[in-house]
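Chemist: need a structure here:
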Amino acid sequence: MKSSAQIPPSETVFQRVGVAGAGAWGTALAICALSAGREVHVWAREPDIAEALRTGKGNPLFLPGVAVPATPAATDMAELAGCDAILMVAPAQHMRATLRALSPHLRPGTPVALCSKGIERGTLKLMTDVLAEEAPQALPAVLSGPSFAGDVAKGLPTAVTLACADRTMGEQWMRSIGRPHFRIYWSDDLAGAEAGGAIKNVLAIACGVCEGMGLGRSAHAALIARGFAEMTRLGVKLGGRAETLAGLCGLGDLVLTCSSPQSRNMSFGMELGRGRSAAEILGSRSAVTEGAQTAPAVVEVGRRMGVDLPICEVVLDMIEGRLDAKAAVDRLLNRPMKEEA
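Modeler: Okay, the predicted model is just below:
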């Protein structure tokens with residue numbers, strides 16, 4: 001298993017770091033890179049957020065109450081082109097359009113780390129596939145793991161996986177944005193890192209339903225364990241390694257996202273469990289609930305690959321209004337009992 005928590009001694013860093021996307025996670029990563037001494041440039045879709053970041057007023061819409069140093073920010077994607085490396089933090093279902101806007105300005109060989117978790121609907125492609133199609137001149141990486149934006153922004157201890165094919169580049173990323181409180185472990189398994197991050201968001205909705213219905217901690221634990229089995233089955237089919245999925249970007253991220261209403265996916269599930277409709281919940285939110293967006297793609301990929309995903313399937317049926325929470329739970333509980341494998 002190729003991983004390391006030690007940042008090797010070297011002076012080579014990405015001094016100018018671009019952040020494409022100024023939601024909560026993009027802002028938190030910008031804060032982390034700033035604290036590491038990097039020159040950070042942020043692209044924000046919303047002009048008011050760009051102005052707030054430029055003037056040191058933080059990000060009151062997506063990360064309220066967190067101090068953010070005044071940071072160069074713009075709504076023109078071309079301004080990221082001069083950066084040494086770029087963190088792509090656009091939502092998964094908007095990643096293609098964002099990369100398409102960036103690509104004409106991107107220098108060949110620019111390292112690009114994909115920081116959003118999901119599978120593209122329609123094409124059923126992972127974000128690395130989308131990057132290869134829209135910006136083939138980029139050098140891909142995946143940043144994933146159990147990390148709430150608020151925790152990272154406040155400097156609370158966090159550990160994540162940085163997956164890229166080349167270890168030297170992984171070490172550059174470590175030195176460039178890694179901090180004592182933001183520990184980065186390198187892996188060369190991009191598919192495993194991506195699969196874990198995408199699937200866990202759907203499973204977290206199921207755990208939220210369990211919580212919202214008051215089904216108890218035993219049911220909650222069972223959902224995490226059986227959900228991890230689903231994640232591993234599909235992740236391996238997608239080309240990932242089982243040991244990667246048992247690490248930070250798989251099991252670690254699953255446990256975090258399934259265990260706190262601070263997770264948008266779990267809180268969405270909690271509201272489903274209390275009887276609200278998916279449309280009503282999503283209509284009341286400004287931030288993206290990635291699991292709700294990714295569920296159709298995860299289920300369709302599983303069907304095409306012949307992978308059994310019973311938890312993900314009932315989540316999709318709840319989102320699309322075919323099942324209420326009680327019927328979804330009944331379907332899972334009445335499945336045939338079998339050998340645990």
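
Chemist: C-alpha only now, for contacts and for neighbours.
Modeler: Fine.

Chemist: Looks like M266 contacts L254 (just checking).
Modeler: No. If you go by Cα atoms under 8 Å, M266 and L254 don't touch, sitting 10.7 Å apart.

Chemist: so what's in contact with these two at the same time?
Modeler: By Cα atoms under 8 Å, 6 or more residues apart in numbering, M266 and L254 have these common neighbours: A204.

Chemist: Enumerate every residue touching L99.
Modeler: By Cα under 8 Å, 6+ apart, the neighbours of L99 are L131, E134, A135.

Chemist: For the last one, list the residues it contacts.
Modeler: Just to be clear, that refers to A135. A135 makes contact with L99, R100, L102, S103, L106, according to Cα under 8 Å, 6+ apart.

Chemist: 7 Å instead?
Modeler: Residues in contact with A135 (Cα atoms under 7 Å, 6 or more residues apart in numbering) are L99, S103.

Chemist: Quickly note the distance from it to R107.
Modeler: Plainly put, A135 is 10 Å away from R107 if you go by Cα to Cα, to the nearest Å.

Chemist: now do P157
Modeler: Taken as Cα to Cα, the span from P157 to R107 is 34 Å.

Chemist: Near the spatially closest residue to A204 that is not a sequence neighbour, how many other residues are there?
Modeler: Spatial nearest neighbour of A204, excluding adjacent residues (Cα to Cα, 6 or more residues apart in numbering): C258 at 4.5 Å. Using other Cα atoms under 10 Å, C258 has 28 neighbouring residues.

Chemist: cool, and the one 3 residues further on?
Modeler: The tally of other residues near P261 (other Cα under 10 Å) stands at 17.

Chemist: Next: P336.
Modeler: As a burial measure, P336 scores 6 neighbours (other Cα under 10 Å).

Chemist: so it sits in a helix?
Modeler: No. With DSSP: H, G, I helix; E, B strand; the rest coil as the criterion, P336 is assigned coil and is not in a helix.

Chemist: Which pLDDT value belongs to it?
Modeler: Per-residue confidence at P336 stands at 94 (pLDDT).

Chemist: next one: K2
Modeler: At K2, the pLDDT value in this model is 41.

Chemist: tell me the centre residue of the chain?
Modeler: Here the mean C-alpha position of the chain is nearest to the C-alpha of K117 (Cα atoms, centre = their mean), at a distance of 3.2 Å.

Chemist: Verify the stated contact: V19 with L87.
Modeler: Yes. Here V19 reaches L87: they are 4.8 Å apart, a contact under Cα atoms under 7 Å.

Chemist: Which ones among the contacts of L99 lie within helices?
Modeler: L131, E134 (DSSP state H).

Chemist: Can I get the contacts of L99 in JSON lines including pLDDT?
Modeler: Converted to JSON lines, the contacts of L99 look like this (pLDDT from 0 to 100):
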{"residue": "L131", "pLDDT": "98"}
{"residue": "E134", "pLDDT": "98"}
{"residue": "A135", "pLDDT": "97"}
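
Chemist: which residue ranges form the strands in this protein?
Modeler: Taking DSSP state E as the test, the strands found in the chain are 16-20, 39-43, 73-74, 85-88, 111-114, 139-144, 158-163, 182-187.

Chemist: Okay, now the sheet partners of the fifth one, with direction.
Modeler: Which is strand 111-114. strand 85-88 (parallel), strand 139-144 (parallel) (DSSP bridges).

Chemist: From the contact counts, what lies against the least confident helix or strand in the chain by mean pLDDT?
Modeler: In the chain, the helix or strand scored least confidently by mean pLDDT, DSSP states H and E is strand 73-74, which has a mean of 90. Strand 73-74 sits against strand 39-43, helix 47-54, with contacts defined as 3 or more Cα pairs under 7 Å, 6 or more residues apart in numbering; DSSP states H and E.

Chemist: deepest of these, which one?
Modeler: Mean neighbour count, computed with mean count of other Cα atoms under 10 Å, is highest for strand 39-43 among the helices and strands packed on strand 73-74, reaching a mean of 24.

Chemist: Could you dump the contacts of L99 into CSV and include distance to L29?
Modeler: Shown next, in CSV, are the contacts of L99 (distance: Cα to Cα, whole Å):
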residue, distance to L29
L131, 20
E134, 23
A135, 22
